[in-house]
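K.L.:
coordinates only, sequence not included:
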């Protein structure tokens, strides 16, 4: 039967023992988006064309957050990321900034949480920098798209 | 005209000067949810009834993340939170854990980012603790519900 | 002759070079206790039976502190913990909460400090959460019980 | 009836609201000790006479830990310490290093946890720096000696 | 006679008591520069004209470092910055990027260290991002230009 | 042609992928100095002869900063330092404290940034502890002296 691995037999939280896992190349890709008004998206786009600072700041925040993942998520294992990338796409039809985070490690645990954390904090940073003009923005659809490596094998999100 | 306040006249990011703002009582409430399969929600509910550990861990992660907000979000001001609360509700009809974060401060800046960060990191922690059984979970609808205090006044989300 | 390894030949503190040490499986177990009045212990026990929150919070604090060890203890090496467990036992005869911390790593340095730090911070958290009713609590007997692995070999505390 | 203030009516942990508390001058003094063999104490004393480095490192670790208290102890409020002092005394009769931590703040919450954290981390640092010669050291008797300020008034430890 | 205030009467380091200081508006401006080859400066300038990412990243790193100052500098007091700005100027004649950091607070201690830390970490970030093409860069002339507020009054660097 | 490796093809910052790099022994040595008045240098020397506290504090700050490097410098990879040493030399002819930082790792990336960060933060700490008597001090000549290991091979600073 399926089990929550972070809860031990006595029902207490613990940091799962990964000592016997093999070091493999692992990749995870997560995505999410920030829904905003057309006016806000316009400001972001115009700023972006000129200097790119809003998205540059959000990108750095996302990359740094991936490195802080084990400090933020109580039962995450510390690990030494080999690579982090955060990218953005302005989707004017949907009224959204789309965010993608991609992390790599050679290690004993996956990097799903690092990729999801990068996306979430990049989204929060976009919210912070635009909130003076639009408090109603929504951070939406933050999810894993793909993982590679590790004992449980590869996984790709099924889209209908 | 509307402006991105974190970008100065030269188009560069900066931490906005709040030196002339008054210290007022400020409150912010944010919410979000983690969508998951009925099976995962069942595991969470059963564990919750027995020991409450998954949500207890997520609650602590959210509270601690609110305190780390200025470290995570590059242009946020450091502030001394007076109170943080994170609460959960299992919504079996929607297949979701609903999360609410509530922050208070007497200070010169609002606590919207702290409340949103608490919700986001609580959601990421739920994902982390349940991901062994359900990688497809989605963090959704993270948004501000309400803010009080400060020069720009009170704000409440309009629902259609 | 015995020497303080963190002090070099010039009498200055340094982070000892572990570059030539082998990576081995290392385990450390530490323990400690918080002495408190019977009334406080009763509150803790009753809360624990209902929801477990005080000890759940202390457990998370201890696990996270193990991960922060190299940040707290100036000359500790950063390392990537494979596992952390923190457990509690209410000892009503002694008027104490007994705490045990257990850490594992495959690395070049031992995890004694991580286990001791987990116990200390779990104890401090119990103090924090109960101090409104009992300021006189005492954190006592924080010590290493056992270590395995590494060049200096295994070690077990001798009890008289 | 006495209550655990960090647990709300629903039995969940939260960061207590201190918004209505007054800012007052608050002081807390905590103490503790590290029990060690006469040989270890001798090494510490001799190093101390020469350069002071072991205790200098432990003092800095304790001061910095006081500043990290809200990050270590999940439900502690962030605060802006006005002063921190950590002092040591070699007690050769008892085979111990005695540690005292003293913290001050003008704020809405007390600094007991900051003083206790300073003592605990200073003790852990002494352990770390001496453990190559003495793994059996014990951190003992970490407790509050005195607090001043705040609504609950002054408190001094009763010694029999 | 002049004295090192961070060293107490017993010669031990401590965090100076600022409890009796008044809260005043305080400003500090620091500067520094990174000396580099003409080729490196050219790459930076061309990148800067296109997207601004190198300096955008260094700016964010400097702003965040100002907020971490009390964590980096052992005897610094934590404080709540009201504003931080980091700006750059390419000085092709001198073969340098000039950096200026400006911090403000209403508090009991000055923000000199915050401004100096912002400049230093911005400089280190520029080094990091350009080191693949130029390892010989030098971080130079990091110093305080000006401070306002506080008991010791205003201070402006004397240039010959 | 030379390129800024931290900027990808789209001109965006990213954390470079080091997954295919080999783990080798890597060493970096950096240096810098704090220029100060003869009077300040005298105070430092006299305190140093007595207790060593100013330089002891700066040494610890430098060592700890090396461990925080990936948190401070946005695109640095986290790594597990094998060794850190920070040493000082009082240069009365030049009116300076000379600082040297030396870091070692067995890893996929070099430790230049860790060594430079250790020197910078040690210098900032000296500034902090002496600033009550001398605000005009200058942090100067922070640079890499030498690196060993890694694909790009060894490098030694050329002095004219």
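P.N.:
Arrived safely. Everything numeric in this text was worked out from a predicted model, so none of it was measured.

K.L.:
check which helix or strand covers residue A:89.
P.N.:
Element membership for residue A:89 (DSSP states H and E) is strand A:83-91.

K.L.:
and the next element down the chain from that strand?
P.N.:
Next element after strand A:83-91 (DSSP H and E): strand A:96-107.

K.L.:
I'd like the next helix or strand past that next one.
P.N.:
helix A:112-130.

K.L.:
per-residue confidence at residue A:66?
P.N.:
On pLDDT, residue A:66 comes in at 98.

K.L.:
please, which helix or strand holds it?
P.N.:
Assigned by DSSP H and E, residue A:66 falls in helix A:53-67.

K.L.:
re the thing from before, pull the residues that contact the strand holding residue A:89.
P.N.:
A:33, A:41, A:44-45, A:48, A:55, A:58-59, A:62-63, A:66-67, A:97-104, A:114, A:118-119, A:122, F:8, F:10, F:12, F:14-19 (CB atoms under 8 Å, 6 or more residues apart in numbering or on different chains). Any C-beta I mention is one placed from the backbone N, CA and C, and that applies to glycine too.

K.L.:
which parts of it are buried?
P.N.:
The neighbour-count check on strand A:83-91 (16 or more other CB atoms under 10 Å in any protein chain shown) flags A:83, A:84, A:85, A:86, A:87, A:88 as buried.

K.L.:
could you single out the nearest of the residues you listed to residue A:149?
P.N.:
residue A:83 (13.3 Å; CB to CB).

K.L.:
how near is the closest one to chain B?
P.N.:
Separation of residue A:83 from chain B (CB to the nearest CB, to the nearest Å) stands at 20 Å.

K.L.:
who are the contact partners of the residue lying closest to that residue once chain neighbours are set aside?
P.N.:
Excluding the flanking residues, the one nearest residue A:83 by CB to CB, 6 or more residues apart in numbering or on different chains is residue F:17, at 3.6 Å. Shown in contact with residue F:17 (CB under 8 Å, 6+ apart): A:82, A:83, A:104.

K.L.:
how about the backbone phi and psi for residue F:17?
P.N.:
phi -80, psi 120 (degrees, to the nearest 10).

K.L.:
what's the average pLDDT for stretch A:140-157?
P.N.:
93.

K.L.:
kindly report the same for stretch A:116-133.
P.N.:
For stretch A:116-133, the per-residue pLDDT averages 96.

K.L.:
centre of the chain to it, how far?
P.N.:
11 Å (CA atoms, centre = their mean, to the nearest Å).

K.L.:
anything in it near chain F?
P.N.:
No - with CB under 8 Å from any CB of the partner chain as the criterion, chain F is not reached by stretch A:116-133; the gap is at least 10.1 Å.

K.L.:
center of chain A - which residue?
P.N.:
Per CA atoms, centre = their mean, the C-alpha nearest to the average position across chain A is that of residue A:116, at 2.4 Å.

K.L.:
now that one: how far from residue E:86?
P.N.:
30 Å (CB to CB, to the nearest Å).

K.L.:
go on, residue A:98?
P.N.:
In terms of CB to CB, residue A:98 sits 29 Å off from residue E:86.

K.L.:
nearest to chain E: which residue in chain A?
P.N.:
residue A:56 (4.1 Å; CB to the nearest CB).

K.L.:
just give the nearest non-adjacent residue to that residue, would you?
P.N.:
Nearest to residue A:56 is residue E:56, by CB to CB, 6+ apart, at 4.1 Å.

K.L.:
just give me the closest of the buried residues of strand A:83-91 to residue D:143.
P.N.:
residue A:84 (44.3 Å).

K.L.:
which strands and helices sit next to the helix holding residue A:66?
P.N.:
helix A:38-50, strand A:83-91, strand A:96-107, helix A:112-130, helix B:69-72, helix E:53-67, helix F:69-72 (3 or more CB pairs under 8 Å, 6 or more residues apart in numbering or on different chains; DSSP states H and E).

K.L.:
now, of those, which is deepest in the fold?
P.N.:
helix A:112-130 (a mean of 28; mean count of other CB atoms under 10 Å in any protein chain shown).

K.L.:
from the middle of its chain, how far away would that helix be?
P.N.:
Centre to centre, stretch against its chain (CA atoms, centre = their mean), the figure for helix A:112-130 is 6 Å.

K.L.:
wait, does the helix or strand just after that helix contact chain F?
P.N.:
Scanning forward in sequence from helix A:112-130 by DSSP H and E, the next helix or strand is strand A:138-148. No - residues of strand A:138-148 contacting chain F under CB under 8 Å from any CB: none, with a closest distance of 11.9 Å.

K.L.:
before I go, just wanted to say thanks for your time.
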